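**Q** Just a sequence and a predicted model for now, questions to come.
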Amino acid sequence: MNRTNGQKDAMPPVDEDDIEPPSPAQIRELKRRVRDSRDPIRYMLVSEFSRRFILYYNISDDVYAMNDPAGGTLFKRLKTAESVKKFLGKGTSIVKYTTTGGKLKRLSPYQGMWDRTRGSKSKKDA
């Protein structure tokens, strides 16, 4: 067909005998991906100074977004967030979020810098 008028070439018909069934490894991978896509839990790297001043890490630009969780990067897997956190250093924590209904909702409780330092001192004294 002629592509100048916006039409695409039609795909040739596929014979059913030419299609191979997926291997067990491919089936496992597909099931894992479907399970990941249906799980609304995500993780974000944050630096919390106070309840009103929270920085959300954006990995694509290597910057922090101030007081806007939509500006941070959501990670599907906790292990991935933990490995990125190693490169960011102290003061960064991992916060759990859910993305149900198209809205971003925080699931982890707030832990400001004061709460973290005070909690670590009490553990050392005990």
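**A** Structure received.
**Q** Going by C-alpha atoms from here, please, whenever you check contacts or count neighbours.
**A** Will do.
**Q** Return the backbone torsion pair for R32.
**A** phi -60, psi -40 (degrees, to the nearest 10).
**Q** Which strand or helix spans the residue nearest to V46 when sequence neighbours are not counted?
**A** Spatially, and ignoring its direct neighbours in sequence, V46 is nearest to Y56 (4.6 Å; Cα to Cα, 6 or more residues apart in numbering). For Y56, the host element (DSSP states H and E) is strand 54-58.
**Q** Would you mark the buried spots in whichever helix or strand comes after that strand?
**A** Per DSSP H and E, the first helix or strand lying C-terminal to strand 54-58 is strand 63-66. For strand 63-66, the neighbour count (16 or more other Cα atoms under 10 Å) marks 64-66 as buried.
**Q** Same question for stretch 77-90.
**A** Under the neighbour-count criterion of 16+ other Cα under 10 Å, stretch 77-90 has 81-82, 85 buried.
**Q** Looking at the residues you listed, which are in strands?
**A** Residues of these located in strands (DSSP state E): none.
**Q** Quick check: of the residues you listed, which lies closest to I19?
**A** Comparing the buried residues of stretch 77-90 against I19 with Cα to Cα places A81 closest, at 38.4 Å.
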